[in-house]
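Chemist: Give me a 3D structure for the following:
(chains A and B)
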2 protein chains.
Amino acid sequence: MNTHLECFPCLMQQAVDAILQTVVDAETQTDILHESLDVLRRTDPRESPPMMAQKIQRILRSRLGVQDPYRKIKDNSNEFALKLYHKLKRKTLASNDPFGTAVRFAIAANIIDYGPKRRLSDEAMIETIEQAQNAPLDAKALQKFRDKIETAKSILYLTDNAGEIVFDRLFIEQLPTQKVTLAVRGAPAINDATIADARAAGLTEIVRVIDNGSDVPGTSLEECSTDFQRLFNTADMIIAKGQGNLETLYGIPKPIFFLLIVKCPLIARELKCNIGDMIVRCPT
Amino acid sequence: MNTHLECFPCLMQQAVDAILQTVVDAETQTDILHESLDVLRRTDPRESPPMMAQKIQRILRSRLGVQDPYRKIKDNSNEFALKLYHKLKRKTLASNDPFGTAVRFAIAANIIDYGPKRRLSDEAMIETIEQAQNAPLDAKALQKFRDKIETAKSILYLTDNAGEIVFDRLFIEQLPTQKVTLAVRGAPAINDATIADARAAGLTEIVRVIDNGSDVPGTSLEECSTDFQRLFNTADMIIAKGQGNLETLYGIPKPIFFLLIVKCPLIARELKCNIGDMIVRCPT
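Modeler: Numbers count the residues shown, from 1 in each chain, chains lettered A, B, ... in the order given. Next up is the predicted model:
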């Protein structure tokens, strides 16, 4: 997806949130703000919003001299999610349809996001995730999703945020795990999950985990490692979590199933749905 | 008030809203976006947010070659407000406290604003304004306001938006009108009221109306005409509507009564109140 006029205030908000969350010194704050404005000024609108975000995050890391400014925030998200995990695991196993329940928890957990909107309170997040158990999902798309999981020989699962990845595990436990490869970001990108988060979530113990070699908060294929690209090109099925993956992969003619909560009016318009909707969508 | 880090996404949103509302051609949209980013890049944070908005609005007008790109929107706001006027006038006169009722309607009408947030639906605006009749207001501040109106020999009333100005009239009709001078913006500034709007609201028939000689969506004194400055300096009391006037006049040691709905977290923090609160405040 291209960067639209409407993306600019949002990217600016993301930059300011990042600065306020990670930078204390006022002069450094202004410097990073100015460099972020320069990035936006030079933007090629054919690039996707996560590519802009990548550049702003690189400025942040380089100015701070810190490899992973969101490490603490990501650790907190994982801890928060792990506390909920066992309760939701019991709910999943006790439900009539563990697959349908777990996929709803995994989609709802996409609410744990510091990108397009500010952090929700823990209570609001818990409520969103727990209430998702009975949330409506496109039945036809969900059936297509189940069928494809059954017939696919290889499934590539692209994660989104830290914290959320714990609920991905809950869902992945309902999948034929021997067919699944999980891919995380190759380097810190906002609060997106990296290999450390996959480990924290216990995912490295149940599926093969790789990183995509890139620090884009999405999946820009040309930025990913050749190993990841090969895996992407040969997978029978791809499961892509979150808006960043959608913004970077939408339109690619592969059997990609996008799972997300819609948080942006442009994406809502593109997907013909409403903000806040839980989505399972395979455009091909 | 200074421009804070948090103001930048909001100013960017304001610029994008302005572009989308008034510019059709994609190339011109991008050009104005780029020039707006340049303005933000060169920002002196000691300037107030309305001074930034002024510069962005000037780019818009000059690029479009249109003197008042919001004229149609302002006309619609006035028409909308005039339709409500008679109903609210009856409510005001039938209430136990016409002054208290009218000031609430005038403050609530500050919701008619295209600056910091997008346009509400007509229904939502009508609901906000009508429900304001019984909204809580700081009783002590309101009493101080009444007392000052009684004792002041001259009152300078600074308006904010078109549409809203019709409800200012409703309130001004409860004031000793011979003491009141109404000041509007000196030139188009977003959807702020100018002399044309004062006329449309019928205010030119009941009070003396002047313009402040400036195109800032607020009251930056150094940008205003000397006539306005003289009036400002000699008035016994100033009534300042809306956030733009607050952002530009807050801290000036004059008996300024700010009337507004709080729409911004920074202002809420400064005034120690919540977003959405209706405010009567005289800091001196």
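
Chemist: so who does the most centrally placed residue in chain A touch?
Modeler: The structure's chain A has its C-alpha centroid closest to residue A:160; by C-alpha atoms, centre = their mean the separation is 2.0 Å. The contact partners of residue A:160, taken as C-beta atoms under 8 Å, 6 or more residues apart in numbering or on different chains, are A:110, A:113, A:192-193, A:241-245, A:260. Heads up, the C-betas are built off the backbone N, CA and C, glycines and all.

Chemist: Name the SS class of the residue nearest to residue A:132 when sequence neighbours are not counted, please.
Modeler: By the measure of C-beta to C-beta, 6 or more residues apart in numbering or on different chains, the closest residue to residue A:132 outside its immediate chain neighbours is residue A:108, 3.3 Å from it. Using DSSP: H, G, I helix; E, B strand; the rest coil, the structure places residue A:108 in helix.

Chemist: pretty sure residue A:108 contacts residue A:134?
Modeler: No. Counting by C-beta atoms under 8 Å, residue A:108 does not reach residue A:134; the two are 11.0 Å apart.

Chemist: who has more neighbours, those two?
Modeler: Neighbours were counted for residue A:108 and for residue A:134 using other C-beta atoms under 10 Å in any protein chain shown; residue A:108 has more, 23 against 10.

Chemist: roughly how far is the helix or strand of chain A with the lowest mean pLDDT from the heart of the chain?
Modeler: The helix or strand of chain A with the lowest confidence, counting by mean pLDDT, DSSP states H and E, is helix A:122-131 at a mean of 85. Between the mean C-alpha point of helix A:122-131 and the mean C-alpha point of its chain there is a distance of 18 Å (C-alpha atoms, centre = their mean, to the nearest Å).

Chemist: Buried ones in it, by neighbour count?
Modeler: A:125-126, A:128-129 (16 or more other C-beta atoms under 10 Å in any protein chain shown).

Chemist: Who are the packing partners of it?
Modeler: In this structure, helix A:122-131 packs against helix A:71-94, helix A:98-108, with contacts taken as 3 or more C-beta pairs under 8 Å, 6 or more residues apart in numbering or on different chains; DSSP states H and E.

Chemist: mind saving the C-alpha coords of that helix as CSV?
Modeler: Taking C-alpha atoms only, helix A:122-131 is exported to CSV below (Å, rounded to 0.1, in the frame of the first residue of the first chain):
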residue,chain,number,x,y,z
ASP,A,122,-4.2,-3.2,30.7
GLU,A,123,-7.8,-3.5,31.7
ALA,A,124,-9.0,-2.3,28.3
MET,A,125,-6.7,-4.8,26.6
ILE,A,126,-7.8,-7.7,28.8
GLU,A,127,-11.4,-6.8,28.1
THR,A,128,-10.9,-6.6,24.3
ILE,A,129,-9.1,-9.9,24.2
GLU,A,130,-11.5,-11.8,26.5
GLN,A,131,-14.6,-10.4,24.8
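
Chemist: what ranges do the helices span in the stretch 151-284 of chain A?
Modeler: A:164-172, A:195-200, A:226-234, A:242-249, A:265-271 (DSSP state H, counting those that start in this stretch).

Chemist: Using TSV, please lay out those helices together with distance to residue B:15, mean neighbour count and mean pLDDT.
Modeler: Supplementary listing: the helices of the stretch 151-284 of chain A in TSV, determined by distance: least, C-beta to C-beta, whole Å; neighbours: other C-beta atoms under 10 Å in any protein chain shown; pLDDT from 0 to 100:
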stretch	distance to residue B:15	mean neighbour count	mean pLDDT
helix A:164-172	33	26	97
helix A:195-200	36	20	98
helix A:226-234	38	14	98
helix A:242-249	22	27	97
helix A:265-271	17	16	94
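
Chemist: In the stretch 151-284 of chain A, which residue sits nearest chain B?
Modeler: residue A:265 (10.3 Å; C-beta to the nearest C-beta).

Chemist: Next, count neighbours for the residue nearest to residue A:151 when sequence neighbours are not counted.
Modeler: Using C-beta to C-beta, 6+ apart and skipping residues adjacent in sequence, the residue nearest residue A:151 is residue A:236, 7.7 Å away. Neighbours of residue A:236 under the rule other C-beta under 10 Å: 15.
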